[in-house]
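Asker: output the structure for:
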Amino acid sequence: MSFPHGLRIRRARPDEGDRYAAFAVARFRETYDTGYETERLERHIASAFSSTLQRAELEATDRDTLVLASERGWEAFVVLHREVAPPAVVATNPIEIGRFYLHPDWHGRGVAAALMEHCATVARAAGHDALWLCVWEHNGRAQRFYEKAGFVHVGTHPFIFGGIPDDDRLYVRTL
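Answerer: Down below sits the predicted model:
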């Protein structure tokens with residue numbers, strides 16, 4: 001698949017755990033920094049984004065981490081996770097988009113839409129019939145993007161953030 005602006009897609013490598021962690025933390029802070037108290041945000045980052053944990057994720061056989069890169073480095077990544085879907089996901093063989101992070105320089109430029117379509121193509125080729133994901137209830141920008149990309153809100157799903165449960169919005173896109 002061809003991406004706009006000379007961006008290229010590839011699988012992340014296990015030796016990129018440090019780069020993965022740094023990029024993920026930066027995007028995570030951009031999204032959640034104003035929505036949560038600092039202590040809770042830092043607790044979550046410490047528990048979810050260490051280089052060691054990111055390397056383990058890159059080595060895991062139940063997920064594929066796809067990186068969109070330019071000459072300057074990582075511009076986006078997405079994690080396709082073969083996870084058991086919640087009951088509200090009505091599909092035979094769904095796959096989760098566990099993370100979908102884009103550098104803000106690319107917002108509004110068609111990059112996220114192209115990456116999402118690439119995910120749908122990869123999922124279909126692997127025999128999946130639906131994509132599902134969860135999004136923070138206060139992230140209206142992401143919700144609008146997912147809805148524009150064909151996802152439908154089907155309920156809520158618990159998410160532990162900094163040791164405290166929240167309810168994320170659950171979305172599904174039939175392929």
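
Asker: what's across from the residue nearest the centre of the chain in the sheet?
Answerer: Note on the chain: the residue nearest the mean C-alpha position is Arg99, at 1.5 Å, using Cα atoms, centre = their mean. Here Arg99 sits in beta bridges with Val79, as judged by DSSP bridges.

Asker: now do the same contact list for it.
Answerer: Neighbouring residues of Arg99 by Cβ atoms under 8 Å, 6 or more residues apart in numbering: 24, 77-79. C-beta coordinates here come from the backbone N, C-alpha and C atoms, glycine included.

Asker: again, 7 Å this time
Answerer: For Arg99, the set of contacting residues under the criterion of Cβ atoms under 7 Å, 6 or more residues apart in numbering consists of 77-79.

Asker: ok, Arg63 - contacts?
Answerer: If you count contacts by Cβ under 7 Å, 6+ apart, Arg63 has them with 57, 79-82, 98.

Asker: now for those: which two are most distant?
Answerer: Pairwise distances across the contacts of Arg63 peak at 12.7 Å for Glu57 and Arg82 (criterion: Cβ to Cβ).

Asker: the residue most distant from the middle of this protein, which is it?
Answerer: Residue farthest from the centre of the chain, counting by Cα atoms, centre = their mean, is Glu39 at 23.1 Å.

Asker: which helix or strand contains that one?
Answerer: The secondary structure element spanning Glu39 is helix 38-48 (assigned by DSSP states H and E).

Asker: buried residues in that helix?
Answerer: Using 16 or more other Cβ atoms under 10 Å as the burial criterion, the residues of helix 38-48 that qualify are 41, 43-45, 48.

Asker: check stretch 95-115 too.
Answerer: 95-103, 106, 111-112, 114-115.

Asker: can I get the residues you listed in JSON lines including secondary structure?
Answerer: What follows is the buried residues of stretch 95-115, written out as JSON lines (DSSP: H, G, I helix; E, B strand; the rest coil):
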{"residue": "Ile95", "secondary structure": "strand"}
{"residue": "Glu96", "secondary structure": "strand"}
{"residue": "Ile97", "secondary structure": "strand"}
{"residue": "Gly98", "secondary structure": "strand"}
{"residue": "Arg99", "secondary structure": "strand"}
{"residue": "Phe100", "secondary structure": "strand"}
{"residue": "Tyr101", "secondary structure": "strand"}
{"residue": "Leu102", "secondary structure": "strand"}
{"residue": "His103", "secondary structure": "coil"}
{"residue": "Trp106", "secondary structure": "helix"}
{"residue": "Val111", "secondary structure": "helix"}
{"residue": "Ala112", "secondary structure": "helix"}
{"residue": "Ala114", "secondary structure": "helix"}
{"residue": "Leu115", "secondary structure": "helix"}
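
Asker: that'll do, ta.
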